[in-house]
Every structure is written in structure tokens, then in C-alpha cells.
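**Student:** sequence and computational prediction follow.
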Amino acid sequence: MKNARRVARNARGGLTIRRVAALAVIFAMATLTVASGAQKQTGPATPVQRRAAKLAPKTSSAGGPAMLPPSLPPAELTQADLTAFFDGLVPLQIERDDIAGAVVAVVRDGKVIFAKGYGYSDLKNKKPVSAEDTLFRCGSISKLFTWTAVMQLVQDGKINLDGDINQYLDFKVAEPFGKPITMRDLMTHTPGFEETIRDLITADQKNIPSLRDYLVNHEPKEIFAPGTTGAYSNYGATLAGYIVQRVSGEDFDSYIERHIFGPLGMTHATFRQPLPKDLQPLMSEGYERASGGEKKFEIVTPFPAGSVAISALDITHFMMAHLQDGTYNGAQILNPETVKLMHTRQYAPDPRVNAMCLGFYEETRNGHRIIGHGGDTQYFHSDLHLILDANTGLFVSYNSAGRGDVAPRGPLFDKFLDRYFPYTPPATKPLATAAADARTVSGSYIPSRRSQTSIFYLFSLLGEAGVAPGKDGALVVADLKGINGQPIEWHETEPQVWRDASDAQNKIVFAKNSDGRWQIALGFPAEVLQQVPWYQSKNFIQWSMVFALVVFALTLILWPVAALARRHYRHPVEASPREQRARRWARIVCGFDLAFWALFLATIVYGAGHLGVLTRGLNPWLRFIQVIGWLGAIGTLVVIWNFAASVGTAGRWWWAKTHDTLIVVACLLSIWIVWYAHLLSFSLNY
């Protein structure tokens, strides 16, 4: 993980699920250690790396972040100073990180005080980015429009925040915990759903399912009781969008246009896919890297969760409405009381860290209460921040993932705050019990935002974070790294409250959850890290896979080598025909197992870079891979037969018996991982 607070911005956006499973797979292919540099979900390499979290400042006794006054004089927040600041920073980011273009906008006290585009929206044709009319995809920032629409219907008495959402649907969402999901649960990302990524993004503009069809055919399992655990959910936001459509009687796109975009004068904004014809010429191209050329327009299938295309100036209207009690330029989209409720803390994994509001999440820093949201597609990466007590907002978006391990928007916002809202955190002193406490919480931790019952569970397991004692009583979370790429040293300043040694505003908090295991609350409230037992740990899974794959590969390599050696030295096999058949079939089973793992991992690695592949159309190929997996799993019986025949044969060479023992252990480990990670599941709703 990168700096935990910065990484949250990378991952929070939620749509690029290569943040979720894919990068953990790259880890598996590259000697089965989680790759730590790929961006997307796109930034850090593991699910934890991408969605780690924003770490909150010091907490007040009443709970929540304490508001402490800045101790340094701020720079003047004017157009001239902002121009000098961003002109010095953004072009450097674009050049360094191989990004085509970016846009930045700042509002304060109901006015746009800065808006500017940088680089190109179309690199091939050298078309510059315009803050006024170039459209950027803002990913999960789209959810803020969906949540605003929900709150309009709440204030009209048409939606009950604490009522069962099934009353608004024409299909039934399951209740495995005997507790209904509420709209408040959806808005705080606590409905308990596991992660799903199938059909998330596609380039196929001709086969976009309806909102209802998507929801019915992609319903994820609930892995937590509603209202108990933050686990960021695109599906949950999409459910909310469908409820807006059902309750209002208007299709979702039209509702947003009539009740939000229209009143706010947002003429360069749309949820529609493909884009309306009049907006298509304004759309920026999207890039993995600028040097790699433009990519196809992304279709976000759960569109209420992330399909908005918008200009920077248009989104400033929305920001100012939320900063001014729901009003912009005489139009009121929400009542002041509704805005206040929407911006109020609702759920936090721990009272000492940032909380979810209704749709927004807290990003409090530098002595100011900040709420906002990030957003990512495969190619566009954006952030929206509202500094509530300063009546100031910042929007930034990049049209390329770029090559950097740290997404540039995080450092940009940090530097913005440090220049215009400077702050010196109070001095802290490590506890004397820090070394012992570090040993107490050591172990493997899995993100709450994960696939757990589908074929992607393996990559959640491989994406775990390792927590271990560091030097001189410090704590190290393996994937939490600073902007310099080095692991952060965490120092305990309060019981089980650990602060970044280089930035005391960053902190993580440990507490026991309901099952008695440790849980880590980070600054991003829509996710926690949960301790797992040894047999679910990344190290155990990783080295079991390494052992099994090495045994399978060496067995297949040495099989013909041994045959050639025996022929050369005219040394026939000293075994009965029955024993020879058992040996032959044991090696064939190794081939099935090795083929299964190679095809499965290669498919997911490819899907990591091409999310459009992870659709229902991939099902036949996945079924083919699973058939090979079943042959390997069933063939384990043959391997056991060969093992029994081998050890029961008097006078057989000790190495042959050892080899057959290793094969049976490798097959049993492989079949255990396959079973535990649901890789042969009949359901392909991943």
C-alpha cells in the first residue's frame, strides 16, 4: 500500500476492480508474492493497497476528528496564486507519470476561483483540455449525484432511510442474516455485500443490460450483517439508483437531468452511455499511459455507480450547491436540513477515525473537516473534496492511469492543503508498551471489501496485508508504504492507536471485532482490514501454491528426462504393470493440475488489464478451465492410489517413494486451495 491516506484516494473510487482481484493475481503469477507496483483498481497492487485509506487527524473526546487551529500562515487563495501553484505542479505530474491530460477546479464562497485544463484530451490530434467543455469520466464520484437524488426523495417523504429497501423494488434482495438492508446502509456502504466485478466495465455499446437486469443477474452474497461493517459496494449504489427510478417513475438518466443537472445549469454532464451525439466531440480520450495511445470508450454497466461524463466547470456547480445549503445560482436542489443530514457522520468503524456520511465520506485533515469522494474507471482518475468549514472545494481529474505507483491526485491535494490550509499536528510520544502491543496485533489481515464466495476469493486471500513488529517498538503493515515507496513506520501514541512516524495525521486503529479477532480501522471508513487465522493467511496460501506448482512442474519435466536416462543406461523400470499405470496416471494428474492453475491465473491476469473480458461471454472459457480443474481434483484419488502402491512396495528406491509422497502432498494442497477458494464453484457470478 502506498501512504494509507493517499492510497485511499486511489482506490476509494471503487469502479476499477483491478483494484480488487486482478493485482493480487499478478502477484500469484510473479512467483506468488503480491505485485506492489501496478496501478488500477489501479494504483497499488493489492486490494489493500488500492483502497487502504485516508487516515484521520487527532480525535476529540466527543468522538470524531478534533478541529485544531493551523499554526502557519496560509498562502492567499486567489486565482493568481492558484495558477502559479497548479502550473508548477500539474505539468510536472503529467510529464513524469506519462499522463495525457488533467483538469483542476477550485471553488470558494459560491464562486469558481480557478479552473484550468492541462495537457491534451486527444493526444494524437493535440487537442488541449478545456475546463469549460472537455468531458472527463469521474467514476464513482457519480455516486454523489445518485445519493443526492435519493435525498431529494427522502425529503419528499418518498423514501425512508431506515426502511427495508425491498419495499421499493420489484424483486427481492435476500436477507441471509434475518435483517433487512436499508437505504442508510446503502449510503454508508454497510449493506454487507461482497465484491463483484463481472460485467463491471465493457466496451460493447450494443449490449448494455437494463438496470433491473443487471441487478437481478449480479446480486452478490451478503457476507456481513447489514449496518455492521464497511465494505464499499458498487452494487449497493446501483440498487439505490434503481430505487430512484422506481420511486420517481422516471428513468434514472432522465431523473438526474431534470432534478439535478437542469436546475444547476450543468449542460456538459451526462450519465448516458453511449454519450449523446452533441457531447461526443467534447469527450476526452482515455489512456492507460499517454505513450500507449487512446483506449475505447468505457461502458460502466452499473451506471448509477460510475458512468458520469462531465466538465470541470459543470461539476463546480454541484460542489457549490453542496457548500451552500443545496442552492446554486438561485436553484435549490436540497433543503438546508437535508444537506446538513447528508454531510453528518453516520457510520465509522471506530469513533477515532473518519466516518461515512450519507454518500460522502470524511477526509478530515489539516485541522479542517473535509468530505468528498474519489472515482476511477480504468483510464480516468478523479477526486472531489469539500472543505466544509472553509466553504471551499477542489475537483481534479486525470485522463490516464499513468505509470506512477502513487496516483498524482493524492499528493496534489496534500500540497494544496499544506499551502492554503497549513497545519502543524501536535507532538506525540510513543507508548512504552508499543513493542509488546505490536506483537499482539501481528498477523494477516484481509480487506472487508472482498469477494468471498466466488472464484475470486483466492485473490482476496492473496491480497492480504501482513502486520509485523518493526524496529524499536514500531509497527509495519507490509503494503502500507509512503510516497517514497518505503514501508511506513507506525508508532503507538495511544493504546492500539498507531501514527505514521513521518506524518502524525495519518493513523490506524486496532480493535477486536465480534469474533474476537483484531480489526484495523483506517482513514477510509468504507473498508476495514480483518485478521484471519493462519490457514487463511497469505503466506500459507502463497507457499502452498508455490510448493504444489513446483512439484507439478518438476514432475512433468523429469518424467521424460527419467525415461531418456533409463533408455540410455538400459535400466528398465522395476515395477509391475499395475504400478507403472499408477505412476503414469499420477503424472497425468499433475499435468491437469498444472494446466488448470496456468490457465486460470493467465486468464485473470489478462482480465486485470482488460476488464471488458470479465463478462458473461467469458463463462464458456472459465467452464473449460474448471473441467480441467475437476479432472485434477478427481484424479487426486489416482495419486493417492499411486502413493499407496509406492510406499507399500518393498525394495523400491527411497527417492521414488519420496517423490510420490511429494506428489500426493502437492495434490492435496492444491485441491484444498481450490475447494477453499471456490475455484470450481458452479456459480460464475463473480
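**Tutor:** That came in fine, so what should we check first? Numbers count the residues shown, from 1 in each chain.
**Student:** quick one: T134 and S284 touch, right?
**Tutor:** Yes - using Cβ atoms under 8 Å, T134 is in contact with S284, at 5.3 Å. No exception for glycine: its C-beta is placed from N, CA and C like everyone else's.
**Student:** and these two? which has more neighbours close in?
**Tutor:** For T134 versus S284, the count of surrounding residues by other Cβ atoms under 10 Å is larger for S284: 31 against 26.
**Student:** distance of the more buried one relative to K127?
**Tutor:** 9 Å (Cβ to Cβ, to the nearest Å).
**Student:** okay, stretch 220-231 in PDB with CA atoms only?
**Tutor:** The C-alpha coordinates for stretch 220-231 follow below in PDB (Å, rounded to 0.1, in the frame of the first residue of the first chain):
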ATOM      1  CA  PRO A 220     -23.800 -10.500  -4.600                       C
ATOM      2  CA  LYS A 221     -23.900 -12.600  -1.400                       C
ATOM      3  CA  GLU A 222     -24.200 -10.800   1.900                       C
ATOM      4  CA  ILE A 223     -21.100 -11.600   3.900                       C
ATOM      5  CA  PHE A 224     -21.700  -9.200   6.800                       C
ATOM      6  CA  ALA A 225     -24.900  -8.300   8.600                       C
ATOM      7  CA  PRO A 226     -26.300  -5.000   7.300                       C
ATOM      8  CA  GLY A 227     -25.200  -2.000   9.200                       C
ATOM      9  CA  THR A 228     -22.200  -3.600  10.800                       C
ATOM     10  CA  THR A 229     -19.200  -3.500   8.500                       C
ATOM     11  CA  GLY A 230     -18.000  -1.100   5.900                       C
ATOM     12  CA  ALA A 231     -17.400  -2.800   2.600                       C
END
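**Student:** what residues are up against S442?
**Tutor:** By Cβ atoms under 8 Å, 6 or more residues apart in numbering, the contact list for S442 reads 467-469.
**Student:** what subset of those residues is buried?
**Tutor:** Buried subset of the contacts of S442 (neighbour count, 16 or more other Cβ atoms under 10 Å): 467, 469.
**Student:** setting the sequence-adjacent residues aside, check what's closest to Q324.
**Tutor:** Nearest residue to Q324 in three dimensions, chain neighbours excluded: G110, at 5.7 Å (Cβ to Cβ, 6 or more residues apart in numbering).
**Student:** phi and psi next, for that neighbour.
**Tutor:** phi 80, psi 10 (degrees, to the nearest 10).
**Student:** how many neighbours does it have?
**Tutor:** By other Cβ under 10 Å, the residues close to G110 number 13.
**Student:** hang on, the earlier thing: need the residues touching each of T134 and S284.
**Tutor:** 101, 121.
**Student:** need the residues touching each of S284 and K127.
**Tutor:** With Cβ under 8 Å, 6+ apart as the test, S284 and K127 both reach S121.
**Student:** circling back to that earlier point, tell me which of the contacts of S442 fall in strands.
**Tutor:** Secondary structure from DSSP state E places 467-469 of the contacts of S442 in strands.
**Student:** mind putting those into TSV with distance to F682 and pLDDT?
**Tutor:** TSV is the format used below for the ones in strands among the contacts of S442 (distance: Cβ to Cβ, whole Å; pLDDT from 0 to 100):
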residue	distance to F682	pLDDT
V467	35	96
A468	38	95
P469	43	96
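**Student:** what's the closest of those to G404?
**Tutor:** Lowest distance from G404 to those (Cβ to Cβ) belongs to V467, with 25.8 Å.
**Student:** from H385, how far out is that closest one?
**Tutor:** 29 Å.
**Student:** just the helices in the stretch 201-350 of the chain please.
**Tutor:** Ranges of helices within the stretch 201-350 of the chain are 211-217, 234-248, 252-256, 312-323, 336-342, based on DSSP state H, counting those that start in this stretch.
**Student:** counting contacts, what elements does whichever strand or helix holds A548 pack onto?
**Tutor:** Using DSSP states H and E, A548 sits within helix 538-569. If contacts are counted by 3 or more Cβ pairs under 8 Å, 6 or more residues apart in numbering; DSSP states H and E, helix 538-569 sits against helix 457-462, helix 577-609, helix 654-676.
**Student:** and Y328, which of those helices is closest to it?
**Tutor:** Between the helices and strands packed on helix 538-569, helix 577-609 lies closest to Y328; by Cβ to Cβ that is 39.9 Å.
**Student:** next, the distance between the ends of stretch 608-616.
**Tutor:** 16 Å (Cα to Cα, to the nearest Å).
**Student:** mind listing what's buried in it?
**Tutor:** 608, 611-612, 614-615.
**Student:** could I get those residues as JSON lines with secondary structure and pLDDT?
**Tutor:** Converted to JSON lines, these look like this (DSSP: H, G, I helix; E, B strand; the rest coil; pLDDT from 0 to 100):
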{"residue": "A608", "secondary structure": "helix", "pLDDT": "73"}
{"residue": "L611", "secondary structure": "helix", "pLDDT": "79"}
{"residue": "G612", "secondary structure": "helix", "pLDDT": "81"}
{"residue": "L614", "secondary structure": "coil", "pLDDT": "89"}
{"residue": "T615", "secondary structure": "coil", "pLDDT": "88"}
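**Student:** can you redo those residues as JSON lines with distance to N484?
**Tutor:** Listed next are the buried residues of stretch 608-616 as JSON lines, based on distance: Cβ to Cβ, whole Å:
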{"residue": "A608", "distance to N484": "26"}
{"residue": "L611", "distance to N484": "30"}
{"residue": "G612", "distance to N484": "35"}
{"residue": "L614", "distance to N484": "34"}
{"residue": "T615", "distance to N484": "39"}
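**Student:** no more questions from me, cheers.
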